[in-house]
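# Here is a sequence with its predicted model. Questions after.
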Amino acid sequence: MNRPETAPVLITVAPYDQATPRGAILGGWIMTQLDHAAGLAGRKIAAGEALILSIKEMTFRSPLHPGEEFAVHAGLTRRGGSSFNLGVSGWAEPEGACRLVFEADVLLVAVDAEGPSRKLP
């Protein structure tokens, strides 16, 4: 699988304090980055607030190591009346190479200021 050609939604560095004794970054930290990236991408698509309804599928493909640059990409895969799906993937990018860390299918819904769902623009 090749890294998406679109710009990443989120770029960060994997922190040393989130590593397991075996040297891989904790899955919970990676899932937090997915949450941030899906929220950022979802706001743009919804032209306002959007909430994650479910992570329909998430697969870890390779470990992420402390100190590695970590880029998260998100792209629209389905658009409904008020909900939509994003394909989200995280990539380790150490020293110019890249490696798929996870991929996920995330379902979001556009909401108004009071919380109920609203139509997408």
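Received it, and whenever you're ready, just let me know what you need.
# distance of the residue most central in space within the chain from Pro94?
The C-alpha lying nearest the average C-alpha coordinate of the chain belongs to Leu34 (C-alpha atoms, centre = their mean; 3.1 Å). In this view, Leu34 and Pro94 are 20 Å apart by C-beta to C-beta, to the nearest Å. Every residue, glycine included, has its C-beta placed from N, CA and C.
# same deal with Ser117?
According to C-beta to C-beta, Ser117 stands 41 Å off from Pro94.
# which residue ranges form the strands in the chain?
Remark: strands assigned in the chain by DSSP state E are 10-13, 50-60, 69-79, 83-92, 99-110.
# out of these, which comes closest to Leu26?
Among the strands of the chain, strand 50-60 comes nearest to Leu26, with 11.2 Å by C-beta to C-beta.
# just the angle between the closest one and strand 99-110, please?
Strand 50-60 runs at 150 degrees relative to strand 99-110, counting by axes from the mean of the first three to the mean of the last three C-alpha atoms, to 10 degrees.
# ok, Tyr16 touching Glu68?
No - using C-beta atoms under 8 Å, Tyr16 makes no contact with Glu68, being 10.8 Å away.
# Pairing partners for the nearest residue to Gly48 once chain neighbours are set aside in the sheet, please.
Leaving aside its sequence neighbours, Gly48 sits nearest to Ala110 (C-beta to C-beta, 6 or more residues apart in numbering; 6.5 Å). On the basis of DSSP bridges, Ala110 is bridged to Ala50.
# ok, how many other residues are close to Ala110?
23 (other C-beta atoms under 10 Å).
# likewise Asp17?
Asp17 has 7 neighbouring residues, counting by other C-beta under 10 Å.
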